[in-house]
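Asks: Can you look at this prediction? I've put the sequence above it.
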Amino acid sequence: MFSVEDTHWWYIGMAAIFKEIFTRWVPNNNLRILDEGCGTGGSMHNWLSDFGSVSGLDISMVALECCHLRHLNKLILGSICQMPIQSASYDMVTSFDVLYEKTVPEVLTAIKEINRVLLPGGFLVLRVPAYNWLHGRHDDAVNTTRRFTRKEISMLLRSGGFLVRHSSYVNSILFPVILVKRMLEKYFTTGKTVSDFYVPGKLVNRILTFILKAESPMVSRFGLPFGLSIAVVAQKSL
């Protein structure tokens, strides 16, 4: 992850989409933000800091060491299910592809913990992978336990004390391509668990970046009806 976050089309495209979501749905740019499950710090380093003061939390010391290599210093070691953070400490929590992981034994517990560390009226901006039936070799490689529908994640957020302000599927244009890839994997399996995160050739990477970025206004305004991921903006009740 650390080696591809700055150049891979998926990360660049998702950054553009979520910057558009922030601009449309988040009230100001002077926020105290917690990036929970921050990983190696790509989002914190590349764009989250445009919207406020960002701290990162992760369960992996190796991931936090990679954050240090990016000169990120506001870091917390801990589980998202039991964060070593005082209640009502942040204006916003971001959670990008975290709730699907094996390290999260109970999704609702993690959501309630996010609610706890937010100030009243605070925002959660969330991304999770879509559709359990799309589970493939990439999911095995990155320790995916679960994927979601938009209805499922919205219900979990409401149960955890959030109001869902906006939700959309993401990565819809490329959905048919990935669907075919997943189907072929099931029928022509090699037995290997291989991640999709490698940087393709420069031209292909640019084309895929352009395609994913093109979804930004649609995702942020009226939402898309299907896709490979789900984006949600939720707000803690006042």
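Replies: Nice, thanks for sending it over. Numbers count the residues shown, from 1 in each chain.

Asks: For the rest of this, base every contact and every neighbour count on C-alpha atoms.
Replies: OK.

Asks: quick one: residue 86 and residue 118 touch, right?
Replies: No - checked against CA atoms under 8 Å, the pair residue 86 and residue 118 is beyond contact range at 9.4 Å.

Asks: Which parts of this protein are strands?
Replies: Secondary structure of the chain (DSSP state E): strands located at 31-36, 52-58, 75-77, 90-96, 118-129, 162-170, 229-236.

Asks: Need the ones you listed in CSV (columns: mean neighbour count, distance to residue 68 and mean pLDDT).
Replies: What follows is the strands of the chain, written out as CSV (neighbours: other CA atoms under 10 Å; distance: least, CA to CA, whole Å; pLDDT from 0 to 100):
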stretch, mean neighbour count, distance to residue 68, mean pLDDT
strand 31-36, 23, 15, 97
strand 52-58, 21, 11, 96
strand 75-77, 19, 9, 97
strand 90-96, 23, 19, 97
strand 118-129, 23, 24, 96
strand 162-170, 21, 30, 97
strand 229-236, 24, 28, 97
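
Asks: Lowest average confidence across helices and strands of the protein, where is it?
Replies: In the chain, no helix or strand scores lower on mean pLDDT, DSSP states H and E than helix 137-141, which sits at a mean of 68.

Asks: helices or strands next to the top helix by length along the chain in the packing?
Replies: Longest helix of the chain, by residue count under DSSP state H: helix 9-25. Counting by 3 or more CA pairs under 8 Å, 6 or more residues apart in numbering; DSSP states H and E, the packing neighbours recorded for helix 9-25 are helix 202-213, helix 216-221.

Asks: send the alpha carbons of stretch 60-78 over as CSV?
Replies: This file holds the C-alpha atoms of stretch 60-78, laid out as CSV (Å, rounded to 0.1, in the frame of the first residue of the first chain):
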residue,chain,number,x,y,z
SER,A,60,-0.6,-1.7,13.2
MET,A,61,2.7,-0.3,14.4
VAL,A,62,4.2,-1.0,11.0
ALA,A,63,1.5,1.2,9.4
LEU,A,64,2.3,4.0,11.8
GLU,A,65,6.0,3.7,11.1
CYS,A,66,5.2,4.3,7.4
CYS,A,67,3.2,7.4,8.5
HIS,A,68,6.3,8.7,10.2
LEU,A,69,8.2,8.3,6.9
ARG,A,70,5.6,10.8,5.5
HIS,A,71,6.5,13.1,8.4
LEU,A,72,3.1,12.6,10.0
ASN,A,73,3.3,12.9,13.8
LYS,A,74,-0.2,13.0,15.2
LEU,A,75,-0.6,9.2,15.5
ILE,A,76,-2.4,6.9,17.9
LEU,A,77,-1.9,3.2,18.2
GLY,A,78,-5.1,1.4,19.0
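
Asks: Pull out the buried residues from it.
Replies: For stretch 60-78, the neighbour count (16 or more other CA atoms under 10 Å) marks 60, 63, 64, 65, 66, 67, 70, 72, 75, 76, 77, 78 as buried.

Asks: In helices only, show me the residues you listed.
Replies: Short answer: the buried residues of stretch 60-78 in helices (DSSP H) are 63, 64, 65, 66, 67.

Asks: distance of the third one from residue 57?
Replies: Using CA to CA, to the nearest Å, one obtains 12 Å as the distance from residue 65 to residue 57.

Asks: Could you do the fourth one as well?
Replies: Here residue 66 is placed at a distance of 13 Å from residue 57 (CA to CA).

Asks: Quick one: low-confidence residue ranges for the protein.
Replies: Where the chain drops to pLDDT under 70, the residues are 1-3, 138-140, 142-143, 186-198.

Asks: Centroid-nearest residue for it?
Replies: Closest residue to the average C-alpha location of the chain: residue 96 at 1.7 Å, with CA atoms, centre = their mean.

Asks: doesn't residue 155 make contact with residue 164?
Replies: No - counting by CA under 8 Å, residue 164 sits too far from residue 155 to count as a contact (9.1 Å).
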